[in-house]
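Chemist: Quick one, what's the 3D model for this:
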Amino acid sequence: MKNFYLWILLLGLAACEKTEPELVLNFPATYRATSFKSNANIRLFTKTGEITDQQVITKFTKKNGTSFLHPNGSTGNISPDQAETIQIETASTAKSKTPSAPFWTKFTIQKKEPLVEFIAQDTTVFFTQHELTVQHFNISKAFFKYTNAFETQMPIPGGGTMYKVVAKRVAYLSEKDKLTLPLLNYVLVNTNPGFSRSTYFYSGLNNEIKTQPDFNQLKVNDTIAWQSLELVFEKQ
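Modeler: Numbers count the residues shown, from 1 in each chain. You can find the predicted model right below:
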């Protein structure tokens, strides 16, 4: 009988435990970019794997990445006249716009805990003969945790590549009335023959680094540094 009462008591205690309320993406609602922050962790990779020697990372950063990589991290607020706006229209549709863009970009929303995915409703098609664009796409495949909703590429007779992309953006509904977009900056130093310059910068890429990057996408003399950031949107 004592065991029976103890079992009832444990059930009662379990029932009294507080559970965190589920975060909900309300609609209609407007979110505006208000701030950003980067952590102090800079990750460095070559074709053979990740470099963890902090002295090597610091030396690389000071020489190549002072404008895009911040060893001590960085924070800042975003001016309203420069801020992107995301409007949640329904439970499954949204649109976004930067102040400089002439039109809104429309998205379909998919909730995949803990992520909110914004899938572009239009397909982007573009052509390139630039080796750097192809290089960037290969690096994205090698390091990005999240892929586009759709992406294909095909060579063009006579030279060049055609890409078809349905873009996907990702965000965390990490706090009430806040969307946090993970971003990446990278600096690639390329010392291979045949390239007109050796250092390439990309910033504000909406993604995270995958657990096991494909280092084979890097060339023998490539060194690439990554830094993670967060872009915070607040409900207006």
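
Chemist: I'd like the next helix or strand past the helix or strand bottoming out on mean pLDDT in the chain.
Modeler: Ranked by mean pLDDT, DSSP states H and E, the weakest helix or strand in the chain is helix 2-16, scoring a mean of 44. Next helix or strand after helix 2-16 toward the C-terminus (DSSP states H and E): strand 29-46.

Chemist: Which strands or helices does that following strand pack on?
Modeler: Packing partners of strand 29-46 (3 or more C-beta pairs under 8 Å, 6 or more residues apart in numbering; DSSP states H and E): strand 49-51, helix 54-64, strand 74-77, strand 85-88, strand 178-190, strand 222-235. C-betas here are computed from N, CA, C, even on glycine.

Chemist: what's the spacing between S96 and V232?
Modeler: As judged by C-beta to C-beta, to the nearest Å, S96 and V232 stand 15 Å apart.

Chemist: same check, this time on K106
Modeler: From K106 to V232 the distance is 23 Å (C-beta to C-beta).

Chemist: Neighbour count: these two, which is higher?
Modeler: A count of neighbours by other C-beta atoms under 10 Å puts V232 above the other of K106 and V232, at 20 against 16.

Chemist: contacting residues for that one?
Modeler: 33-37, 178-181 (C-beta atoms under 8 Å, 6 or more residues apart in numbering).

Chemist: ditto for Q236
Modeler: By C-beta under 8 Å, 6+ apart, the neighbours of Q236 are 29-32.

Chemist: again, only this time at 6 Å
Modeler: Residues in contact with Q236 (C-beta atoms under 6 Å, 6 or more residues apart in numbering) are 30, 32.

Chemist: ok, it to V170 distance?
Modeler: Counting by C-beta to C-beta - Q236 and V170 are separated by 21 Å.

Chemist: Tell me the buried residues in stretch 68-85?
Modeler: For stretch 68-85, the neighbour count (16 or more other C-beta atoms under 10 Å) marks 68-71, 78, 83-85 as buried.

Chemist: which one of those is nearest T58?
Modeler: Nearest to T58 among the buried residues of stretch 68-85: P71, at 6.5 Å, using C-beta to C-beta.

Chemist: who touches that closest one in this structure?
Modeler: T61.

Chemist: Checking my notes, it in a strand, right?
Modeler: No: applying DSSP: H, G, I helix; E, B strand; the rest coil, one finds P71 to be coil, outside a strand.

Chemist: Check the gap between it and A40 for me.
Modeler: 6 Å.

Chemist: Pull the contacting residues for the spatially most central residue of the chain.
Modeler: The centre of the chain sits closest to N207, judged by C-alpha atoms, centre = their mean, with a distance of 1.8 Å. Shown in contact with N207 (C-beta under 6 Å, 6+ apart): 144, 146, 184.

Chemist: Next: A142.
Modeler: 213-214, 217.

Chemist: what's the burial count for the residue nearest to it when sequence neighbours are not counted?
Modeler: Using C-beta to C-beta, 6 or more residues apart in numbering and skipping residues adjacent in sequence, the residue nearest A142 is Q217, 3.5 Å away. Using other C-beta under 10 Å, Q217 has 17 neighbouring residues.

Chemist: ok, Q217 to P71 distance?
Modeler: In terms of C-beta to C-beta, Q217 sits 26 Å off from P71.
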